[in-house]
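# Pasting the sequence and the predicted coordinates here, then a few questions.
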Amino acid sequence: MKLISLQVGRPRLVEYNGEPVATGIFKEKVQGPVMLRTLNLDGDRQADLSVHGGPSKAVYAYPSEHYDYWKKELPGDYLQGSDLPYGMFGENFTTEGLLEDKVNVGDRFRIGATEVMVTEPRLPCYKLGIKFGHSDMLRRFLQSRRTGFYFAVLKEGLVKAGDAVRLLSRDENDVTIADIVRLYAFEKDDLETLRRAVKLNALSQSWREYFQERLRKLERHLEN
């Protein structure tokens, strides 16, 4: 497993429906080491902290393996004349060998001098549509189940493109990022996985509360 490319970016103003909108989704590749801190990488910021950023979403990682899929899947006008450079999905880390159906929420990794923990999938917001010039990109992204995921930072330190990604521990609940996306959007009544998902300490409170409410409703329905 490996960190293939590293990107950062500060919020910029873009036009959306005739109005200025601040977004941090535009990232630029970084050469050389960068300090990874509890809330983000040096040189990186999130525009809307109500839905982005914070300790549980300090770093967004996206598998490099998905880029070939999108190059084949997306119409030419979505690509805007580009060849889909790494960072196109707003990710900080473009990775190799870390796929959503293999990575558990709560898994811990060492990358460079840092230690990080997988917390949750990335759910698309309208700013992904801004980046690609099509609001339909949100639907395409979620339906693909190629969401990437967020890291919390357990130990600050320097990271750089080319660093190995080493597994330190696996979460015993065995709920993958793909499972979270599946429970959210596709198979909402998977009782057994829901029961494991609500036990995930690494999952944010809002996610756990969402799944707890779904679990209560499903169990009440089964009792009646």
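On my side now, so go ahead.
# CA only for contacts and neighbour counts going forward, please
Fine.
# Tell me which residues are up against the top helix by length along the chain.
Counting by DSSP state H, the longest helix found in the chain is helix 205-223. For helix 205-223, the surrounding residues in contact (C-alpha atoms under 8 Å, 6 or more residues apart in numbering) are 189, 191, 194-195, 197-200.
# for stretch 87-94, same thing?
Applying C-alpha under 8 Å, 6+ apart, the set of residues contacting stretch 87-94 is 3-8, 24-29, 59-64, 86, 128, 131.
# Can you dump the C-alpha atoms of that stretch in PDB for me?
What follows is stretch 87-94, C-alpha atoms only, in PDB (Å, rounded to 0.1, in the frame of the first residue of the first chain):
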ATOM      1  CA  GLY A  87      -6.700  15.400  -6.800                       C
ATOM      2  CA  MET A  88      -9.600  15.900  -9.200                       C
ATOM      3  CA  PHE A  89     -12.000  14.600  -6.600                       C
ATOM      4  CA  GLY A  90     -10.700  17.000  -4.000                       C
ATOM      5  CA  GLU A  91      -8.600  14.400  -2.200                       C
ATOM      6  CA  ASN A  92      -5.600  15.200  -0.200                       C
ATOM      7  CA  PHE A  93      -4.200  11.600  -0.500                       C
ATOM      8  CA  THR A  94      -4.300   9.600  -3.700                       C
END
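# State the mean pLDDT of it.
Mean pLDDT, stretch 87-94: 96.
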